[in-house]
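Visitor: from the sequence below, what's the structure:
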Amino acid sequence: MNEQNQKKNQGIALIITIAVITLLISTTMELNRRAGDAAEFTGVTRDRLKLSHMTSSGVQMVMALLLKDKKDGEVDSLQEDWADKESIADLLSDIPFPEGALTVEIQDELSKIQVNALVKFPDGKDFNQDQMNMWERFVGYITSGQVEDDDTSASAIVNSLKDWLDSGDDDAISGVNGAESDYYNGLEPPYACKNGPIDHVDELLQVKGVSKLVESFGGWEMLSQYLTVYGMETEATTNKFNFPGKININTAELPVIAALLQVNDLPLAQEIVGYREEMTADGKYLNDLSLSGADWYKKAPGCSALTIEPNLITTKSNFFRIIATGELNNVKMVTVAVVERENKTGKNACRVLSWQTE
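Guide: Below is the predicted model of the structure:
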């Protein structure tokens with residue numbers, strides 16, 4: 001009997017031993033996993049910190065380039081160093097980053113249609129007629145004149161956008177397809193009409209008809225690249241603000257150039273862009289835009305009799321979007337900064353209007 005108890009006790013001891021060993025192995029594996037996760041987290045955190053320094057350095061470098069450009073001349077065009085990828089890459093090579101890669105792109109915000117210029121501020125009551133006409137041509141151009149319903153017609157989009165921007169929410173809607181708070185409060189979920197300048201271009205998606213317009217155009221990313229909320233100017237004496245809405249014809253892309261033209265002149269938009277980009281055999285720009293006024297477009301083939309409303313165009317800009325992209329050990333970071341060049345104390349400087357990192 002004692003021998004049987006002894007064997008039984010030995011069996012129990014073996015089971016306990018195996019259980020303890022199994023538990024220890026499981027615990028060790030879990031600790032190793034957690035240690036690995038912690039190490040990976042620490043590595044990613046370290047890499048993101050480095051990337052933050054890299055992209056910030058890229059933005060600061062570009063701001064210095066933009067200030068130098070301002071000192072060199074008033075005209076801004078795609079023919080300058082700030083718009084040349086190779087020139088930017090050469091500048092970045094002077095920044096000593098032993099690890100990772102950094103690229104920077106600069107966009108002229110005044111190459112885009114300035115959303116808030118549709119309404120005359122600071123009163124915020126009336127249409128800017130030239131801007132209204134341009135918006136209708138822009139919507140007509142990107143939809144190729146094909147209207148799916150009344151809410152996405154050029155006039156409907158413009159009227160709804162005007163109602164979103166203007167400060168007269170208690171007034172009658174613009175046209176027959178505009179929309180004030182009564183319309184938006186009836187949606188699910190409900191929300192109020194802005195009745196003021198738009199702060200971020202994505203806000204446009206809340207405006208009646210815009211989402212349907214986006215679907216017909218091919219996506220918000222495609223459409224939003226031609227729009228901006230920046231361009232505000234403030235009078236020094238009265239501190240009143242306005243959005244002049246002038247587009248830099250030296251940097252605007254084809255759909256925006258087309259919006260500047262009357263419908264019958266649309267084929268000339270490509271001629272204007274082509275004239276601006278024409279190069280010699282040795283890779284130099286054939287037509288120097290820095291020596292021309294805003295009416296240089298008349299020199300493009302077939303454009304001698306063309307007239308673009310002077311209130312819509314300029315050849316200079318002080319608003320730029322800087323996109324700095326850093327990559328390190330399969331970790332990527334993008335910093336997007338919008339800056340304004342200004343001279344309020346007798347010295348040129350760049351003021352950061354927006355800074356986002358993702």
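
Visitor: all contacts plus neighbour counts: C-alpha atoms, from now on.
Guide: Noted.

Visitor: how about the strands in this structure?
Guide: 101-108, 113-114, 227-228, 233-234, 241-242, 247-248, 313-314, 319-328, 331-342, 349-357 (DSSP state E).

Visitor: nearest to V210, of the ones you listed?
Guide: Of all these, it is strand 227-228 that lies closest to V210, at 12.8 Å by CA to CA.

Visitor: that older thread, now, of the strands of the chain, which is deepest in the fold?
Guide: strand 113-114 (a mean of 28; mean count of other CA atoms under 10 Å).

Visitor: paired strands for that one, with orientation please.
Guide: strand 227-228 (parallel) (DSSP bridges).

Visitor: how does this protein divide up, domain by domain?
Guide: Structural domains assigned to the chain are 1-112+245-358, 116-224, following automatic domain parsing.

Visitor: most tightly surrounded among the ones you listed?
Guide: domain 116-224 (a mean of 18).

Visitor: give me the mean pLDDT for it.
Guide: Domain 116-224 carries an average pLDDT of 88.

Visitor: cool, and stretch 47-66?
Guide: Across stretch 47-66, the per-residue pLDDT values average to 93.

Visitor: just to revisit the earlier point, how about CSV for the domains of the chain, with distance to T238 added?
Guide: Formatted as CSV, these follow (distance: least, CA to CA, whole Å):
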stretch, distance to T238
domain 1-112+245-358, 15
domain 116-224, 11
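
Visitor: how about the ones you listed, which one is nearest N239?
Guide: domain 116-224 (10.1 Å).

Visitor: now the terminal residues of that closest one, how far apart.
Guide: With CA to CA, to the nearest Å applied, domain 116-224 spans 14 Å between its terminal residues.

Visitor: tell me where this structure has helices.
Guide: 2-72, 85-92, 129-142, 154-165, 181-184, 210-217, 220-224, 254-259, 268-277 (DSSP state H).

Visitor: centroid-nearest residue for this protein?
Guide: By CA atoms, centre = their mean, the chain has its centre lying nearest to Q225, at 6.2 Å.

Visitor: who touches that one in this structure?
Guide: By CA atoms under 8 Å, 6 or more residues apart in numbering, Q225 lies in contact with K112.

Visitor: distance of it from A269?
Guide: To A269, Q225 is 18 Å away according to CA to CA.

Visitor: now do T325
Guide: 32 Å.

Visitor: and what of P122?
Guide: Distance from P122 to A269, by CA to CA: 33 Å.

Visitor: for Y297, same thing?
Guide: Y297 is 9 Å from A269, by CA to CA.

Visitor: same question, E86
Guide: 27 Å.

Visitor: same question for D90.
Guide: 33 Å.

Visitor: ditto for R46
Guide: In terms of CA to CA, R46 sits 49 Å off from A269.

Visitor: before we move on, what about K240?
Guide: 35 Å.

Visitor: same check, this time on D166
Guide: 31 Å.

Visitor: which residues touch stretch 180-190?
Guide: The set of residues external to stretch 180-190 that reach it, using CA under 8 Å, 6+ apart, is S160, D163, W164, D169, I173, Y191, A192, C193.

Visitor: tabulate these in TSV, adding columns for distance to T335.
Guide: Rendered in TSV, the data for these read as follows (distance: CA to CA, whole Å):
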residue	distance to T335
S160	33
D163	33
W164	30
D169	37
I173	40
Y191	31
A192	31
C193	31
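
Visitor: ok, of those, which one's closest to N329?
Guide: Y191 (43.3 Å).

Visitor: how about that closest one, what does it touch?
Guide: S181, Y184, N185.

Visitor: OK, contacts around E309?
Guide: E309 neighbours (CA under 8 Å, 6+ apart): D130, L260.

Visitor: got phi/psi on it?
Guide: Torsion angles at E309 (phi, psi; degrees, to the nearest 10) stand at phi -50, psi 120.

Visitor: look up the closest residue to W296, ignoring the ones flanking it.
Guide: Nearest non-adjacent residue to W296, counting by CA to CA, 6 or more residues apart in numbering: L289, 7.6 Å away.

Visitor: residues in contact with that neighbour?
Guide: L289 touches V75, S77, Q79, N250, R276, W296, counting by CA under 8 Å, 6+ apart.

Visitor: please apply the same query to K240.
Guide: So K240 contacts P122, T234 (CA under 8 Å, 6+ apart).

Visitor: repeat that with 10 Å
Guide: If you count contacts by CA atoms under 10 Å, 6 or more residues apart in numbering, K240 has them with F121, P122, D123, E233, T234.

Visitor: take those residues and lay them out in CSV including distance to V263.
Guide: Shown next, in CSV, are those (distance: CA to CA, whole Å):
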residue, distance to V263
F121, 28
P122, 31
D123, 31
E233, 30
T234, 34
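
Visitor: nearest to K50 among those residues?
Guide: E233 (36.3 Å).

Visitor: bridged to the closest one, which residues?
Guide: Judged by DSSP bridges, the bridge partners of E233 are N242.

Visitor: now swap in R351 and tell me
Guide: Applying DSSP bridges, one finds that R351 bridges with E340.

Visitor: relative to I157, how far out is it?
Guide: Distance from R351 to I157, by CA to CA: 33 Å.

Visitor: please apply the same query to Q206.
Guide: Look at Q206 and I157: by CA to CA, they are 12 Å apart.

Visitor: then E109?
Guide: 22 Å.

Visitor: what's N250 in contact with, if anything?
Guide: Counted by CA under 10 Å, 6+ apart, N250 has contacts 75-79, 108, 110-111, 257, 272-273, 276-277, 289-290, 294, 296-297, 313-317.
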